[in-house]
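Chemist: Structural data only, the sequence is not supplied:
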(Lines give C-alpha, C1' and ligand atoms only; values in the text may rest on other atoms or scores of the structure.)
Protein backbone atom coordinates (compact mmCIF):
# COMPACT_ATOMS: atom_id res chain seq x y z
CA UNK A 1 0.00 0.00 0.00
CA UNK A 2 1.07 3.58 -0.58
CA UNK A 3 1.30 5.80 2.50
CA UNK A 4 -1.97 6.21 4.41
CA UNK A 5 -3.84 9.20 3.02
CA UNK A 6 -6.43 11.37 4.75
CA UNK A 7 -9.23 11.77 2.22
CA UNK A 8 -12.47 13.74 2.30
CA UNK A 9 -15.20 12.96 -0.21
CA UNK A 10 -17.62 15.85 -0.58
CA UNK A 11 -20.80 14.34 -1.96
CA UNK A 12 -20.75 10.58 -1.41
CA UNK A 13 -23.25 9.70 -4.12
CA UNK A 14 -22.70 7.26 -6.96
CA UNK A 15 -19.29 8.56 -8.07
CA UNK A 16 -17.91 9.99 -4.83
CA UNK A 17 -19.30 7.14 -2.75
CA UNK A 18 -17.68 4.56 -5.02
CA UNK A 19 -14.31 6.25 -4.59
CA UNK A 20 -14.86 6.46 -0.83
CA UNK A 21 -15.50 2.71 -0.54
CA UNK A 22 -12.56 1.67 -2.72
CA UNK A 23 -10.12 3.99 -0.93
CA UNK A 24 -11.35 3.12 2.58
CA UNK A 25 -11.18 -0.61 1.80
CA UNK A 26 -7.53 -0.06 0.83
CA UNK A 27 -6.81 1.22 4.35
CA UNK A 28 -6.95 4.99 3.94
CA UNK A 29 -8.63 7.37 6.40
CA UNK A 30 -11.75 8.35 4.48
CA UNK A 31 -14.34 10.88 5.60
CA UNK A 32 -17.48 11.88 3.71
CA UNK A 33 -19.70 14.92 3.64
CA UNK A 34 -23.29 13.82 3.04
CA UNK A 35 -26.85 14.51 4.17
CA UNK A 36 -30.27 12.98 4.71
CA UNK A 37 -31.02 9.25 4.82
CA UNK A 38 -27.76 8.44 3.02
CA UNK A 39 -25.81 10.12 5.82
CA UNK A 40 -27.81 8.40 8.55
CA UNK A 41 -27.32 4.99 6.92
CA UNK A 42 -23.54 5.52 6.72
CA UNK A 43 -23.40 6.55 10.35
CA UNK A 44 -25.43 3.50 11.35
CA UNK A 45 -23.91 0.72 9.22
CA UNK A 46 -21.22 2.14 6.94
CA UNK A 47 -21.12 2.53 3.18
CA UNK A 48 -21.44 -0.45 0.83
CA UNK A 49 -20.52 -0.96 -2.81
CA UNK A 50 -22.04 -3.87 -4.73
CA UNK A 51 -20.59 -4.81 -8.09
CA UNK A 52 -20.57 -7.99 -10.19
CA UNK A 53 -17.47 -9.31 -8.40
CA UNK A 54 -17.93 -8.49 -4.74
CA UNK A 55 -19.66 -6.54 -1.99
CA UNK A 56 -17.46 -4.09 -0.12
CA UNK A 57 -18.66 -2.41 3.09
CA UNK A 58 -16.55 0.13 4.97
CA UNK A 59 -16.82 2.41 7.95
CA UNK A 60 -16.35 6.08 7.14
CA UNK A 61 -16.47 9.26 9.20
CA UNK A 62 -19.75 10.67 7.86
CA UNK A 63 -20.70 14.25 8.72
CA UNK A 64 -22.97 16.96 7.34
CA UNK A 65 -20.74 19.94 8.17
CA UNK A 66 -17.37 20.76 6.58
CA UNK A 67 -16.29 22.32 9.86
CA UNK A 68 -16.17 18.82 11.35
CA UNK A 69 -13.12 17.88 9.28
CA UNK A 70 -9.49 18.92 9.54
CA UNK A 71 -6.93 19.41 6.76
CA UNK A 72 -6.80 16.60 4.20
CA UNK A 73 -4.32 15.12 1.75
CA UNK A 74 -7.04 14.75 -0.87
CA UNK A 75 -10.49 16.28 -1.28
CA UNK A 76 -12.73 14.56 -3.84
CA UNK A 77 -15.61 16.66 -5.14
CA UNK A 78 -18.29 14.11 -5.98
CA UNK A 79 -20.85 16.80 -6.81
CA UNK A 80 -22.68 18.01 -9.88
CA UNK A 81 -21.49 21.28 -11.40
CA UNK A 82 -24.59 23.17 -10.22
CA UNK A 83 -23.91 22.10 -6.61
CA UNK A 84 -20.39 23.54 -6.39
CA UNK A 85 -20.94 27.22 -5.57
CA UNK A 86 -21.91 26.88 -1.88
CA UNK A 87 -19.10 24.35 -1.27
CA UNK A 88 -15.96 25.77 -2.87
CA UNK A 89 -15.93 28.90 -0.74
CA UNK A 90 -16.09 26.78 2.44
CA UNK A 91 -13.24 24.38 1.67
CA UNK A 92 -10.47 26.45 3.29
CA UNK A 93 -10.49 24.58 6.67
CA UNK A 94 -9.81 21.23 4.96
CA UNK A 95 -7.01 22.51 2.73
CA UNK A 96 -3.28 22.69 3.28
CA UNK A 97 -0.94 24.19 0.73
CA UNK A 98 -0.33 20.75 -0.81
CA UNK A 99 -3.88 19.38 -0.59
CA UNK A 100 -5.10 18.01 -3.91
CA UNK A 101 -8.67 18.79 -4.93
CA UNK A 102 -10.04 16.24 -7.38
CA UNK A 103 -13.31 17.34 -9.03
CA UNK A 104 -14.98 14.14 -10.27
CA UNK A 105 -17.42 15.96 -12.57
CA UNK A 106 -19.22 15.29 -15.80
CA UNK A 107 -18.98 17.77 -18.64
CA UNK A 108 -16.70 20.77 -19.02
CA UNK A 109 -15.37 21.83 -15.59
CA UNK A 110 -15.38 25.39 -14.28
CA UNK A 111 -11.56 25.34 -14.24
CA UNK A 112 -11.34 24.31 -17.92
CA UNK A 113 -9.14 27.21 -19.07
CA UNK A 114 -6.89 27.26 -15.98
CA UNK A 115 -3.36 26.24 -16.97
CA UNK A 116 -4.22 26.42 -20.68
CA UNK A 117 -1.57 28.37 -22.59
CA UNK A 118 -3.65 28.85 -25.74
CA UNK A 119 -5.23 32.12 -26.81
CA UNK A 120 -8.68 30.68 -26.02
CA UNK A 121 -7.85 30.70 -22.31
CA UNK A 122 -7.54 34.47 -21.82
CA UNK A 123 -10.35 36.91 -21.12
CA UNK A 124 -10.42 40.55 -22.24
CA UNK A 125 -8.20 41.58 -19.30
CA UNK A 126 -5.64 38.85 -19.91
CA UNK A 127 -6.85 36.73 -17.00
CA UNK A 128 -8.09 33.16 -17.03
CA UNK A 129 -11.32 32.96 -19.03
CA UNK A 130 -14.44 31.70 -17.27
CA UNK A 131 -17.17 29.61 -18.85
CA UNK A 132 -20.14 31.86 -18.17
CA UNK A 133 -22.67 29.06 -18.62
CA UNK A 134 -21.28 27.22 -15.60
CA UNK A 135 -19.33 29.95 -13.79
CA UNK A 136 -21.00 33.31 -14.39
CA UNK A 137 -18.66 36.12 -13.42
CA UNK A 138 -15.87 33.68 -12.56
CA UNK A 139 -17.12 33.15 -9.01
CA UNK A 140 -16.01 29.51 -8.84
CA UNK A 141 -12.54 30.35 -10.15
CA UNK A 142 -12.23 32.97 -7.42
CA UNK A 143 -13.59 30.74 -4.63
CA UNK A 144 -10.87 28.08 -4.77
CA UNK A 145 -7.22 28.52 -5.72
CA UNK A 146 -7.11 26.34 -8.86
CA UNK A 147 -3.51 25.37 -8.07
CA UNK A 148 -5.06 22.70 -5.81
CA UNK A 149 -6.86 21.07 -8.72
CA UNK A 150 -5.96 17.90 -10.54
CA UNK A 151 -8.33 17.08 -13.38
CA UNK A 152 -10.29 13.83 -13.23
CA UNK A 153 -12.41 12.12 -15.84
CA UNK A 154 -14.55 9.29 -14.48
CA UNK A 155 -15.27 6.19 -16.52
CA UNK A 156 -17.40 4.27 -14.01
CA UNK A 157 -21.13 3.64 -13.83
CA UNK A 158 -22.83 3.42 -10.44
CA UNK A 159 -26.13 4.19 -8.76
CA UNK A 160 -27.21 4.76 -5.16
CA UNK A 161 -29.86 2.04 -4.86
CA UNK A 162 -30.63 2.53 -1.16
CA UNK A 163 -29.32 4.76 1.62
CA UNK A 164 -25.75 3.67 2.26
CA UNK A 165 -25.68 1.28 -0.70
CA UNK A 166 -24.16 1.87 -4.15
CA UNK A 167 -24.37 -0.53 -7.07
CA UNK A 168 -21.46 -0.38 -9.54
CA UNK A 169 -20.83 -2.12 -12.83
CA UNK A 170 -17.29 -3.16 -11.92
CA UNK A 171 -15.55 -0.45 -13.94
CA UNK A 172 -13.46 1.99 -11.88
CA UNK A 173 -11.36 3.88 -14.40
CA UNK A 174 -10.18 7.38 -13.58
CA UNK A 175 -8.13 9.55 -15.94
CA UNK A 176 -5.98 12.01 -13.98
CA UNK A 177 -4.00 14.99 -15.21
CA UNK A 178 -2.65 18.44 -14.51
CA UNK A 179 -4.62 21.39 -15.93
CA UNK A 180 -1.25 22.69 -17.22
CA UNK A 181 -0.88 19.60 -19.45
CA UNK A 182 2.34 18.57 -17.75
CA UNK A 183 3.46 15.55 -15.79
CA UNK A 184 3.77 15.87 -12.01
CA UNK A 185 4.65 13.88 -8.93
CA UNK A 186 1.21 14.46 -7.43
CA UNK A 187 -0.57 12.99 -10.47
CA UNK A 188 1.68 9.92 -10.29
CA UNK A 189 0.95 9.64 -6.56
CA UNK A 190 -2.80 9.82 -7.21
CA UNK A 191 -2.51 7.14 -9.88
CA UNK A 192 -0.67 4.90 -7.42
CA UNK A 193 -3.31 5.60 -4.76
CA UNK A 194 -6.19 4.48 -6.98
CA UNK A 195 -4.25 1.58 -8.45
CA UNK A 196 -3.53 0.18 -4.99
CA UNK A 197 -7.26 0.53 -4.23
CA UNK A 198 -8.15 -1.86 -7.07
CA UNK A 199 -9.10 0.83 -9.60
CA UNK A 200 -7.79 1.45 -13.10
CA UNK A 201 -6.24 4.92 -13.07
CA UNK A 202 -4.56 6.53 -16.04
CA UNK A 203 -2.20 9.49 -15.74
CA UNK A 204 -2.36 11.69 -18.80
CA UNK A 205 -0.33 14.74 -19.86
CA UNK A 206 -3.40 16.04 -21.76
CA UNK A 207 -6.41 16.02 -19.45
CA UNK A 208 -8.53 18.22 -21.76
CA UNK A 209 -8.41 15.57 -24.46
CA UNK A 210 -9.81 13.09 -21.93
CA UNK A 211 -12.51 15.60 -20.90
CA UNK A 212 -13.69 15.93 -24.52
CA UNK A 213 -13.58 12.18 -25.04
CA UNK A 214 -15.96 11.69 -22.11
CA UNK A 215 -18.12 14.65 -23.14
CA UNK A 216 -18.67 13.13 -26.58
CA UNK A 217 -20.69 10.44 -24.83
CA UNK A 218 -22.15 12.43 -21.94
CA UNK A 219 -23.54 15.26 -24.07
CA UNK A 220 -25.34 12.81 -26.36
CA UNK A 221 -26.32 9.70 -24.40
CA UNK A 222 -27.29 11.56 -21.20
CA UNK A 223 -29.92 13.82 -22.81
CA UNK A 224 -31.31 10.90 -24.81
CA UNK A 225 -31.55 8.79 -21.65
CA UNK A 226 -33.40 11.57 -19.85
CA UNK A 227 -35.78 12.26 -22.72
CA UNK A 228 -36.59 8.60 -23.39
CA UNK A 229 -36.18 7.11 -19.86
CA UNK A 230 -34.14 4.36 -21.52
CA UNK A 231 -31.18 2.47 -20.10
CA UNK A 232 -27.93 2.35 -22.01
CA UNK A 233 -28.49 -1.06 -23.58
CA UNK A 234 -31.91 0.01 -24.93
CA UNK A 235 -30.50 3.21 -26.41
CA UNK A 236 -27.64 1.32 -28.08
CA UNK A 237 -30.16 -1.12 -29.63
CA UNK A 238 -32.24 1.68 -31.21
CA UNK A 239 -30.88 2.68 -34.68
CA UNK A 240 -32.83 5.96 -34.78
CA UNK A 241 -31.43 7.08 -31.42
CA UNK A 242 -27.93 6.03 -32.42
CA UNK A 243 -28.21 8.09 -35.62
CA UNK A 244 -29.10 11.15 -33.52
CA UNK A 245 -26.24 10.43 -31.13
CA UNK A 246 -23.78 10.02 -34.02
CA UNK A 247 -24.69 13.48 -35.32
CA UNK A 248 -24.15 15.04 -31.90
CA UNK A 249 -20.84 13.23 -31.43
CA UNK A 250 -19.56 14.57 -34.75
CA UNK A 251 -20.41 18.14 -33.70
CA UNK A 252 -18.60 17.80 -30.37
CA UNK A 253 -15.52 16.18 -31.89
CA UNK A 254 -15.21 18.99 -34.42
CA UNK A 255 -15.56 21.56 -31.62
CA UNK A 256 -12.84 19.86 -29.57
CA UNK A 257 -10.44 20.12 -32.49
CA UNK A 258 -11.25 23.81 -32.93
CA UNK A 259 -10.05 24.28 -29.33
CA UNK A 260 -6.81 22.41 -29.97
CA UNK A 261 -7.87 19.11 -28.42
CA UNK A 262 -8.06 15.53 -29.65
CA UNK A 263 -11.21 13.57 -28.69
CA UNK A 264 -9.00 10.45 -28.77
CA UNK A 265 -11.50 8.05 -30.33
CA UNK A 266 -13.63 7.73 -33.44
CA UNK A 267 -17.42 7.80 -33.29
CA UNK A 268 -17.48 4.03 -33.80
CA UNK A 269 -15.06 3.52 -30.91
CA UNK A 270 -17.03 5.83 -28.62
CA UNK A 271 -20.23 3.94 -29.41
CA UNK A 272 -18.47 0.64 -28.68
CA UNK A 273 -17.43 2.00 -25.27
CA UNK A 274 -21.06 2.97 -24.58
CA UNK A 275 -22.27 -0.49 -25.54
CA UNK A 276 -19.88 -1.99 -23.01
CA UNK A 277 -21.48 -0.09 -20.12
CA UNK A 278 -24.42 -2.50 -20.07
CA UNK A 279 -28.03 -2.08 -18.89
CA UNK A 280 -27.41 0.81 -16.54
CA UNK A 281 -29.25 4.04 -15.82
CA UNK A 282 -26.83 6.85 -16.55
CA UNK A 283 -26.71 9.89 -14.31
CA UNK A 284 -29.25 12.13 -16.07
CA UNK A 285 -31.89 9.41 -15.90
CA UNK A 286 -31.08 8.77 -12.24
CA UNK A 287 -31.46 12.48 -11.46
CA UNK A 288 -34.73 12.69 -13.39
CA UNK A 289 -36.25 9.75 -11.54
CA UNK A 290 -35.26 11.29 -8.21
CA UNK A 291 -36.68 14.70 -9.10
CA UNK A 292 -33.28 16.39 -8.97
CA UNK A 293 -32.12 19.29 -11.16
CA UNK A 294 -30.59 17.95 -14.35
CA UNK A 295 -26.92 18.38 -15.22
CA UNK A 296 -27.49 20.50 -18.32
CA UNK A 297 -25.08 23.43 -18.04
CA UNK A 298 -21.82 21.44 -17.90
CA UNK A 299 -22.93 18.87 -20.49
CA UNK A 300 -24.71 21.08 -23.03
CA UNK A 301 -24.64 24.80 -22.28
CA UNK A 302 -20.84 24.96 -21.85
CA UNK A 303 -19.96 23.32 -25.18
CA UNK A 304 -22.64 25.43 -26.87
CA UNK A 305 -21.01 28.53 -25.34
CA UNK A 306 -17.65 27.49 -26.80
CA UNK A 307 -19.33 26.75 -30.13
CA UNK A 308 -20.81 30.24 -30.21
CA UNK A 309 -17.39 31.76 -29.52
CA UNK A 310 -15.94 29.76 -32.41
CA UNK A 311 -18.94 30.30 -34.75
CA UNK A 312 -19.29 26.51 -34.94
CA UNK A 313 -22.85 25.30 -35.68
CA UNK A 314 -24.14 22.53 -33.41
CA UNK A 315 -27.79 21.94 -34.35
CA UNK A 316 -28.05 18.51 -32.75
CA UNK A 317 -26.68 19.70 -29.42
CA UNK A 318 -28.95 22.76 -29.53
CA UNK A 319 -31.95 20.49 -30.06
CA UNK A 320 -30.99 18.21 -27.17
CA UNK A 321 -30.34 21.22 -24.94
CA UNK A 322 -33.73 22.79 -25.72
CA UNK A 323 -35.65 19.57 -25.13
CA UNK A 324 -33.83 18.55 -21.96
CA UNK A 325 -34.02 22.09 -20.61
CA UNK A 326 -37.79 22.17 -20.96
CA UNK A 327 -38.08 18.72 -19.38
CA UNK A 328 -36.02 19.99 -16.45
CA UNK A 329 -38.29 23.04 -16.07
CA UNK A 330 -41.46 20.96 -16.21
CA UNK A 331 -40.08 18.49 -13.67
CA UNK A 332 -39.17 21.31 -11.27
CA UNK A 333 -42.77 22.60 -11.36
CA UNK A 334 -44.25 19.33 -10.08
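Modeler: Sure thing, it's come through. Model, not experiment: these values are computed from the prediction.

Chemist: Give me the contacts around stretch 176-187.
Modeler: 98, 100, 102, 111, 114-117, 146, 149-152, 190-191, 194, 201-208, 210 (CB atoms under 8 Å, 6 or more residues apart in numbering). (Each C-beta comes from the backbone N, C-alpha and C, glycine too.)

Chemist: Check which residues of that stretch are buried.
Modeler: 176-179, 181, 187 (16 or more other CB atoms under 10 Å).

Chemist: And stretch 26-35, by the same measure?
Modeler: 26, 28, 30-34.

Chemist: and what of stretch 225-237?
Modeler: By 16+ other CB under 10 Å, the buried positions in stretch 225-237 come out as 225-227, 230-232, 235-236.

Chemist: Any idea how far it is from the middle of the chain?
Modeler: Its chain's C-alpha centre and that of stretch 225-237 lie 20 Å apart, by CA atoms, centre = their mean, to the nearest Å.

Chemist: Start and end of that stretch, how far apart?
Modeler: End-to-end distance for stretch 225-237: 13 Å, by CA to CA, to the nearest Å.

Chemist: All the helices of the stretch 151-300 of the chain, residue numbers only.
Modeler: 185-196, 207-228, 232-236, 239-258, 267-275, 283-289 (DSSP state H, counting those that start in this stretch).

Chemist: Out of the ones you listed, which is the most enclosed?
Modeler: helix 207-228 (a mean of 24; mean count of other CB atoms under 10 Å).

Chemist: quick one, it and helix 267-275 angle?
Modeler: 60 degrees (axes from the mean of the first three to the mean of the last three CA atoms, to 10 degrees).

Chemist: mean confidence score for helix 207-228?
Modeler: Averaging pLDDT along helix 207-228 yields 97.

Chemist: In terms of secondary structure, what does that helix contact?
Modeler: Applying 3 or more CB pairs under 8 Å, 6 or more residues apart in numbering; DSSP states H and E, one finds that helix 207-228 contacts strand 151-155, strand 173-177, helix 232-236, helix 239-258, helix 267-275, helix 283-289, helix 315-333.

Chemist: now it, how far from the chain's geometric center?
Modeler: 11 Å.

Chemist: And stretch 250-258, by the same measure?
Modeler: Worked out by CA atoms, centre = their mean, stretch 250-258 lies 20 Å from the chain centre.

Chemist: residues in contact with that stretch?
Modeler: Against stretch 250-258 from outside (CB under 8 Å, 6+ apart): 209, 212, 215-216, 219-220, 262-263, 267, 303, 306-307, 310, 312-317.

Chemist: tell me the centre residue of this structure?
Modeler: residue 105 (1.9 Å; CA atoms, centre = their mean).

Chemist: thinking that one is in contact with residue 80, fair?
Modeler: Yes. Residue 105 is within contact range of residue 80, at 7.3 Å (criterion: CB atoms under 8 Å).

Chemist: hey, what's in contact with both of those two?
Modeler: Any residue near both residue 105 and residue 80 by CB under 8 Å, 6+ apart counts here, and that gives residue 298.
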